[in-house]
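Trainee: okay, sequence plus prediction incoming.
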Amino acid sequence: MRYVVIGAGAVGGTIGARLHGAGREVVLIARGPHLAALREHGLRLETPDGPRTYPVPAAAAVSEIDWRPDDVVVLAVKSQDTGPVLETLAGVAPHVTIVCAQNGVANERTAARRFDRVQAMLVILPAEHYEPGVVIASSSPTPGMLDVGCWPSGVDATSTAVAADLTAAGFSSHTDPAVMDAKYGKLLTNLGNAVDAICGFADPDAARLVEAATAEGTACYTAAGITARTGDDDRVRREGILTERPVAGRSRQGSSSWQSLRRGSGSVEARYLNGEIVALGAAHGVPTPVNAELLRVAEEMAAAGEPPASRRGATLLPTPRRSTHGASASRHEAEAP
């Protein structure tokens, strides 16, 4: 079984490098200066234990791959890029297995429209990518948790084989027949990514924004009848596994959305995180003003090339209502998120 990793950034680069280091056959698909650096020098993975370079083969496009029946595609692009990538892939390799190693819950649905074999992967992997040819993974000795299962549910021989290879590569990887429940739970956590990108978690109003966005998401799940694995289940799964430490004296800087603005990529995945909640709210009659505003501002900043954490969180909180006589709202109303 060969792994073709599409999107060799923070997540895809870490997965591909570690699988290659464990003796698995891997090809990375990247573009631009990152691709050039991979071809010339290999992928340099920096960790708390020091750097290591992996000479992983790299290609510029799916059309360059000599596809095999047992190939497994690890899809690690941002969700906004999933559609075009899968459309192209379906034209050259319609029978491969797709593993969605991505945030959000929409990628599997998109993949299932074109491919018969789709696996969902819960990705909890603190990593960064800013420099061509270099990925920073800040958890050690276990770089991350990568649980896998069939979409929409169940496990099969491919789930088992992928989890075994990831375990051999040093990850904590379980097969999970209800992995989408875990991904819906992580989506609630990822609603804060836009807050981090817009104002940073150090902003005095960031915690209120995250709390309000999460409350909207939870209300939408309840209305839609969606089961999400959160709280104690999530904490127990992570405990003692993810141990972030500084890399070369520097702590991890920000979330994946923060990194998108930092790199000036021109887009951000908020449409598939906060936007998922906005869409659920519209379908089930649940107001989602905080997530809608986070989505709007995050996309506005990405399109304009604004740096991360360059706005104030207070500007994103709902404006306190006024009475019909123009008096200020009550203290309770003014403080409500």
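Mentor: Happy to help now that I have it.

Trainee: how many residues are close by W67?
Mentor: 16 (other Cβ atoms under 10 Å). C-beta: built from backbone N, CA, C; applies to glycine.

Trainee: from now on call the first residue 19
Mentor: Yes, from this point I'll number from 19; that puts the last item at W85.

Trainee: and for stretch 269-280, what are the contacting residues?
Mentor: With contact meaning Cβ atoms under 8 Å, 6 or more residues apart in numbering, stretch 269-280 is reached by 28, 96, 121, 144, 146-148, 154, 156, 208, 210-212, 214-215, 218, 262, 285-288, 291, 316, 319-320, 324-327.

Trainee: relative to H38, how far out is L56?
Mentor: The spacing between L56 and H38, counted by Cβ to Cβ, to the nearest Å, is 11 Å.

Trainee: need the overlap of contacts for the two.
Mentor: By Cβ under 8 Å, 6+ apart, L56 and H38 have these common neighbours: V74.

Trainee: give me the more crowded residue out of the two.
Mentor: L56 (26 against 23).

Trainee: and the residue lying closest to the more buried one once chain neighbours are set aside, bridged to which residues?
Mentor: Distances taken as Cβ to Cβ, 6 or more residues apart in numbering place A76 nearest to L56, at 4.0 Å, with adjacent residues excluded. Beta-bridge pairing for A76 (DSSP bridges): L46.

Trainee: A76 against A54, yeah?
Mentor: No. Taking contacts as Cβ atoms under 8 Å, A76 lies outside contact range of A54: 9.1 Å.

Trainee: what helix or strand is the nearest residue to A48 once chain neighbours are set aside located in?
Mentor: Among residues not flanking A48 along the chain, A26 sits closest, at 4.2 Å (Cβ to Cβ, 6+ apart). A26 belongs to no helix or strand when assigned by DSSP states H and E.

Trainee: tell me the contacts of A26?
Mentor: The contact partners of A26, by Cβ under 8 Å, 6+ apart, come to G34, L46, I47, A48, H52, L56, L61, A76, A94, V153.

Trainee: relative to A78, how far out is it?
Mentor: 11 Å.

Trainee: hey, what's in contact with both of the two?
Mentor: I47, A48.

Trainee: what is the burial count for the nearest residue to T245 once chain neighbours are set aside?
Mentor: Once flanking residues are discounted, T245 sits nearest to D199: 5.1 Å by Cβ to Cβ, 6+ apart. D199 has 18 neighbours, counted by other Cβ under 10 Å.

Trainee: give me the pLDDT for D199.
Mentor: pLDDT for D199: 96.

Trainee: element containing it, please.
Mentor: helix 197-208.

Trainee: residues in contact with that helix?
Mentor: Contacts for helix 197-208 (Cβ under 8 Å, 6+ apart): 121-123, 126, 138-142, 165-167, 169-171, 194, 232, 235-236, 239, 244-248, 251-252, 273, 291, 294-295.
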